[in-house]
Structure formats: C-alpha cells, structure tokens
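Peer 1: I'll drop the sequence and a predicted model, then ask my questions.
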Amino acid sequence: MEILQIIWFLLIGILVIGYAILDGFDLGVGFWHLFAKKKGERTAFIHSIEPFWDGNEVWLLTAGGALFAAFPPVYATVFSGFYLAMMLVLLGLIFRAVAIEFRDKVEDPRWVKTWDYAFAVGSVLPSFLYGVAIGNVLRGLELNAIGDYTAGFFALLNPFSLFCGLVGLSMFAHHGALYLSMKLDGEVAASASKWAQKAWYVFLFSFMPTLAFGVKFCISGDYKIVCMLLIVLALVANFLAFAFNKRGHAKAAFLASGGTIALVMLSVAAALFPNIVPCTNNPEWGLTVFNASSSQRTLSWMLGIALIGMPLVLGYTVFIHRVFREKVKVHND
Amino acid sequence: MDAVLLARIQFALTIMFHYIFPPLTIGLGWMIFMYNTRYQENGNPVFRQLAHFWTKVFAISFIIGVATGIVMEFQFGTNWAGYSRFVGDIFGAPLAAEGVFAFFLESSFLGILLYGRKRVSQKLYWFSSFMVALGATMSAFWIVVANSWQQTPAGFEVVTETVNGVEIQKAVLTNFWEAVFNPSTLPRYSHVITGALTVGVFFILGTSAWQVVKGRNVEFFRSSMRTAIIPCFAVIMLTMFVGHKHGHQVAETQPAKLAAFEGIWETGPNAPLMLFGLPDQENEKNHFALRIPGMVSLMVGGRFDTEIQGLKDFPKEDRPPVAISFWSFHLMFYMGMWMAFVAFIGVIFWLNKKLLDHPLYLKICALTVPIPFLANEVGWMAAEVGRQPWVVYNLLRTSDAVSKSVPAGQVLASIIMFSIIYALLFGLWIYLLKNQFAKGPESVEVLEAEVK
C-alpha cells in the first residue's frame, strides 16, 4: 500500500514538473510579450509556441485529474481553499488561450494590440499565482478537522508566498526568454538572450530571500538532506543555464533551465514529504501521502493507466517538437 | 443567497456554455476527416477546399472549448469539495484518463492539422485529421463514464471512516470495470456522441445553406451543403434510435427520473404519454395535459399493461423538479423530431437534385442551425436535473456536496466574472465565424501550392 502512495506522489510530481517545464516556456514567452517593441516580433513569439501550448496545458489538466483521483482530499482542500486565486488563474488561462488563436484573425492594429495584452496578462497572472500557491502549501494552511481551509483569501497573500510568486514568475520568464533565443533568429534571438540574463538576476534575487526563509520548511521535514541536495543541484543547473546562455549555446541553456525548474519542484516535494498539505493550527490534521490517498485498488488501476498512457504522451511530445523543429522567422513590421 | 444554489448556478453556467463547443467540434472533426479522406481518394480539389474551410471554423470553435474546459476540470474541487471527497476514489480516474488518453493526442495532432500542412506528408496530414476526431470522441467517452457513474453508480461500496474525530462517508472502488461500464455508460455514450454529431453536420448544412441564400461563394457552399445531407439524416436517425434505448435504461435504473420526464404521478399500467402539460410539483398533478393513453407503457415495455412507477411512489424530498425535467426532456424530443423532418426532406430533395436550391428549404436549414445545439443542452439538462436531489443517485445529496469553505459572496463574484467573460467569448465567436464565412474558401491554387 505505502509504495503505491509514494509512487503516486512522485507521478503527480512528474506531471506538475512536466507542466512547469513545458507550459513554463510559453507562459514565459507571454511575459516578454510586454517587452517586444515591434508587432512582427510579437507575431513571431506567438508563432513559436502556437503548435505546442495547447498540448503543454494538457499537463495541467492531467495533473489536476490525477490529483483528484489519487489524493481526493488534497484536491478538495486546495482548490476550494484557494478559491479566488484559482478563479484568477482560470481567468488568465482563458484569455491567453483565446488570445493566441484569435490575435491573427483580424488585421486591425487595435484588435491585435488588445489580444497582445490579453496574452501577456493572461500569462503573467497564472505564473505568479502558481508560485503563491506553492508558497502557501509549503507554509501550511489553517484547516478544520475535515480539511476545509478556514483562514480566508487575504491570509494567502503573506510575504513568503508572494516571494514564491516572484520566484515562479522570474523562473518562467527566464525559461521563456531562453526558449525564444533558441527558437527565433537574428536580432530578436540575441535580445531574448539578454532578457534571459536579466530574468536570471531577478530569479536569483528573489530566490535567495525566499530560500533563507524557506530553509525552515526544508529542515523541519523528514528528508532535509535530500531537500538541500536538490536545492544545491537546482542552483548548479541554474548557473549552468546562465553560462550556456552567455556563450550562445541556446539549446543547452534551455535544457539547463528546464532542469532547474524540475529540481526546484522536486525540492518542494522533498520539503513536504510525507505531507502534501501541512496544517498549521493542528499538525495532526494535515493531509499526507498516507492519510489522504485513494484506495489501493484505485491507485493500482491508475498506475496501469499511467504506464500505458505516459509513454504515449512522451511520444506525442517528441513527435510534435520534431515536426516543428525549424526556427521561426521574424518579419519586420 | 443560498451557497448551494449559487454553486449550482455556477456549474450550470460553466457547463452549458462549455457544451456549446465540444459537440460542434466532434461533429466538424469527423466531417473534416471525411473531406480529407475523399481528397486522398480522388484528389478532387473541392474536398481540399472543404477540409480547409471547415478546419478554420473548427479552430475558432475548438479554442473556446479548450479555454472553458479548463474551468470544468477544477470546478469539482473549487465548488464541490464535499463531492470530491466522497467520489474521488472513483470519479477522478476517468478525468485523469481523459487527459492521458484523449487530450494529449488531440492537442498534438491538432497542432499538425492547423499549422503543419507544409511540414508533413499528405498521408500524415490525413492521419492527423483522423486522430483529432478520434481524440475528441474518446475524451467524450471518459467524461461520460464519470457522469454515468453519478447517475447509476456501480462497482463500489460506501465506507464510513473516522477522520480526526469526524465521521465521514465515501465511495470506494470495488470493481473497476463495473464502475466504468456501469448500467448507463454505453446507452449514454452512444446518445451523447450521436447527439454531438448532429450539431456538427446540421451546422455545416445550415450555415452553407445560408451562404447560398445570400449568394456568397454559391458553388462552394452548395457542394458543402450536399456533403451534409446524408450525414444529417443518418445521424439524427441514429440519435433517436439510441436515445430510445437510453430511455429504456433510465426507466430501469432511475425510475424517478423517468416519471419526471413524462410527468407521471400515479403508479400503474397504461401510463400515458403527455405531449403537453404543466406539471405542478406542489399539488402532484399536471395542468392542461394533452395525453396519448398507454404510450409510455408501450414504449418502455412493449405492452400497454407495463407498469410504470409514478412520482407519488417516491418521498417528496427525493423527487426531481418535475416541470424542468419534463420540459427539457420534451423539448429535446421535439427538436429531434424537427431535425429528422428537415433531414428527411433534404434526402428527398437531394434525390431530386434541383429542389435542394429551393429558397424556402435553404432558409429552413439555416434556421435549424441552433436547434441541435439547444437539443444537446436541454438533453443534458434533463439528465442532470432529473437526477436531483441527488448528485450521486441515491447516495449523496447535492446539498451535501458543496464546498463549505467557500463564502457565498466569492461564488457570486465568480459567477459574475464568468458571465461577463462568456458573453464576451460568445460575441467574439459569432463575430469571427461571420468573418470566416465572409472570407469564404481559399482558392484552389493557393491550397495546391501548400501541399508538400
């Protein structure tokens, strides 16, 4: 029984990491949309993510479904507890989805501009809020005995969690800029590479204070050594991304940035385990991998589904990136 | 306002708006696949034009389906935490399977269908078009599995646990296949899919007819219309046939729902079919009823003396809202009849060729476009309202399923937010569709130049 619960904790971690790495780059591209000066550049940005973003977002849907299936009380507690924040995430995701598809449908400058803003804001809002959500889970939530969140919306906006939001946003902005420098040509790629450097500094300056405060969650956990090791590795990967970017190895830098994201997320998982949602007012009431999981039968069936499904998913992902492997041209207008 | 009522309004709003789009894209997806197949077979450039044009329409609609679908995946947790805790052991798996088996496939191949024309071979392009239609159809399967389990739960047991000193109940899986193929899964799935197909094919028929009336790209839209006539007829006939079978299953597994659909209060043989009437929940009778004696008994059991359970057999607090159930069910039925009529006339005219251009018929086709959308909506309304007051039939009441931690004010705020966004999206959708139709099909030369 225990092993299945741990496997599902890790599998959901993998889905969330897959989402963060993949949708991370197109959310990051949305952030830089605010900074691109020419319309042609913004068109190229959209074209660079157009065939991929929908598939990337499916990782989020699947992670949501898998969390519901494997740890129903966690799904119920977190999503109802973060109600307003969730609604804002949904608002952002709706607008950016529609913006990507509708932007080029009408050739009117105001139309295009409106959708450009919708895309950018719709990307920045979720990127930031994901971090805030993770910060709050790390801190733990105030719960009642059946696991309902009791502290209200504004308690979610505490300094630590807001810093986590900044970490998330700058991490995705960094990742997105590296993606653009890898995927575009010429001048625009060069300026994206500079953007990545800036984002990297912001990431570091927001990560350090967050870490200084977050260390207490790390060392209060049962797996502090693992957690610290992961954080160190994340920083190493992050420095590698910076170095590769500086030398113009765009692809290597992008992969290293993907590695950073994965390691940061894993360190969060290690800091939490075996908790999933710690409870601040009564530690006994926290939701853990062991007290909040579905039955063994459900977890085994789900594992079967994952074993058949995940290779297919990886196959599609590789396939679609191969079909659209060419760089995207930037037109001057 | 009451928090439960608000949560229900929000669910109704978000699911009903979302459900404008998936049926349309399921239907269009298969039609586009048919066009691509025909083009593959005989190289007739009209089919290439048709595939291209309807793929554009598909894309505009699909994206709103995706954007509003994300809301659905999280809404069980945000608004229905009690429900999520009760059913998670069973209900979550199909949602996850839908992501793994259907959404990934659909979204990857959609990328090729929309942006990959110049990058892949003709064969792979054709295959992608198949996979997109298949993905949409498979995703419907998993979500219907989840819904059907709510209607006719199977393969589970209810256990009571003490968590932190509080007694809670939840449903736990005992048999996976029984839960997946519960008594209503296949009847419902077949009706949902055929119903979805009607939206797509009647959309092509009606919008094309309207273009012919307006005299825009007449040749193109005439051929477009002609491709849809036989599918319209076949699909609506199938929908009604499997709908009838679905009705049998409801009679067997959810008798209170059937009684509400038909407005039957008294148990007994010779149950009449009420064509019109105003059910009165309070006084347990119908006003202004127009009935065909014995017809419901005949349809359910094949004999007039088949006994049908009436609503008075169920305690008052276990009865669904009868008027809404009755009217949504009957409207669906009448709209189905209307579609069958339009399609039948179409087939006759089609055999006669020139009659298809009859202006009156073209206008009727155009006016029929909203009908299958509405029929799908009210059909689901009948299914969901007819299940009340239960969220999981006979196991969990809707009032016990709601998120207790979310203040009513926040739900109200999100309802307002979604109403504004959805009104905006609906307006944009109509506007972009009109644009697309005004642009018309791409010329054959441009399209041929695209092929790898």
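Peer 2: That came through fine. Numbers count the residues shown, from 1 in each chain, chains lettered A, B, ... in the order given.

Peer 1: Help me confirm that B:Glu167 is found in a strand?
Peer 2: Yes - the assignment for B:Glu167 (DSSP: H, G, I helix; E, B strand; the rest coil) places it in a strand.

Peer 1: Quick one: neighbours of it, just the number.
Peer 2: Using other CB atoms under 10 Å in any protein chain shown, B:Glu167 has 9 neighbouring residues. Glycine gets a C-beta too; all of them are placed from N, C-alpha and C.

Peer 1: Then B:Gly310?
Peer 2: B:Gly310 has 19 neighbouring residues, counting by other CB under 10 Å.

Peer 1: export stretch B:43-62 as CSV, just CAs?
Peer 2: Coordinates of the C-alpha atoms in stretch B:43-62 are reproduced here as CSV (Å, rounded to 0.1, in the frame of the first residue of the first chain):
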residue,chain,number,x,y,z
GLY,B,43,-7.8,14.3,-55.5
ASN,B,44,-10.8,16.4,-56.2
PRO,B,45,-9.7,19.9,-55.1
VAL,B,46,-13.2,20.8,-53.8
PHE,B,47,-12.7,18.4,-50.9
ARG,B,48,-9.4,20.1,-50.1
GLN,B,49,-11.2,23.4,-50.1
LEU,B,50,-13.9,22.0,-47.9
ALA,B,51,-11.4,20.5,-45.4
HIS,B,52,-9.5,23.7,-45.3
PHE,B,53,-12.5,26.0,-44.8
TRP,B,54,-14.2,23.9,-42.1
THR,B,55,-10.9,23.4,-40.3
LYS,B,56,-10.8,27.2,-39.9
VAL,B,57,-14.3,27.1,-38.4
PHE,B,58,-13.3,24.2,-36.3
ALA,B,59,-10.2,26.0,-34.9
ILE,B,60,-12.2,29.1,-33.9
SER,B,61,-14.7,26.9,-32.0
PHE,B,62,-12.3,24.4,-30.6
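
Peer 1: what separates that stretch from the chain centre, distance-wise?
Peer 2: Relative to the chain's own centre, stretch B:43-62 is displaced by 23 Å; criterion: CA atoms, centre = their mean, to the nearest Å.

Peer 1: Contacts for it, please.
Peer 2: A:101-102, A:105, B:21, B:24-25, B:28-29, B:31-32, B:35-36, B:38-39, B:110, B:113-114, B:129, B:204, B:220, B:223-224, B:227, B:429, B:432-433, B:436, B:440-442, B:444, B:447-448 (CB atoms under 8 Å, 6 or more residues apart in numbering or on different chains).

Peer 1: Buried only: go through those for me.
Peer 2: Buried residues within the contacts of stretch B:43-62, counting neighbours by 16 or more other CB atoms under 10 Å in any protein chain shown: A:101-102, A:105, B:21, B:24-25, B:28-29, B:31-32, B:35-36, B:38-39, B:110, B:113-114, B:129, B:204, B:220, B:224, B:227, B:429, B:432-433, B:436, B:441, B:447.

Peer 1: how much space between the closest residue to chain A within chain B and A:Ser295?
Peer 2: In chain B, the residue that lies nearest chain A is B:Gly88 (2.1 Å; CB to the nearest CB). According to CB to CB, to the nearest Å, B:Gly88 and A:Ser295 sit 10 Å apart.

Peer 1: So which of these two has more stuff around it?
Peer 2: It is B:Gly88, of B:Gly88 and A:Ser295, that has more neighbours when counted by other CB under 10 Å, with 30 against 20.

Peer 1: how about B:Phe241, secondary structure?
Peer 2: helix.

Peer 1: Could you pull up the residues touching it?
Peer 2: Listed by CB under 8 Å, 6+ apart, B:Phe241 has no contact partners.

Peer 1: Against which helices or strands is the lowest-mean-pLDDT helix or strand in chain B packed?
Peer 2: For chain B, the helix or strand with the lowest mean confidence is helix B:444-450, at a mean of 80 (criterion: mean pLDDT, DSSP states H and E). If contacts are counted by 3 or more CB pairs under 8 Å, 6 or more residues apart in numbering or on different chains; DSSP states H and E, helix B:444-450 sits against helix B:45-79.

Peer 1: Mind giving me the packing neighbours of the helix or strand following the helix it packs on?
Peer 2: Remark: after helix B:45-79, the chain's next helix or strand is helix B:81-97, criterion DSSP states H and E. For helix B:81-97, the packing partners by 3+ CB pairs under 8 Å, 6+ apart come out as helix A:53-70, helix A:72-81, helix A:296-323, helix B:45-79, helix B:122-151, strand B:166-173, strand B:390-392, strand B:396-397.
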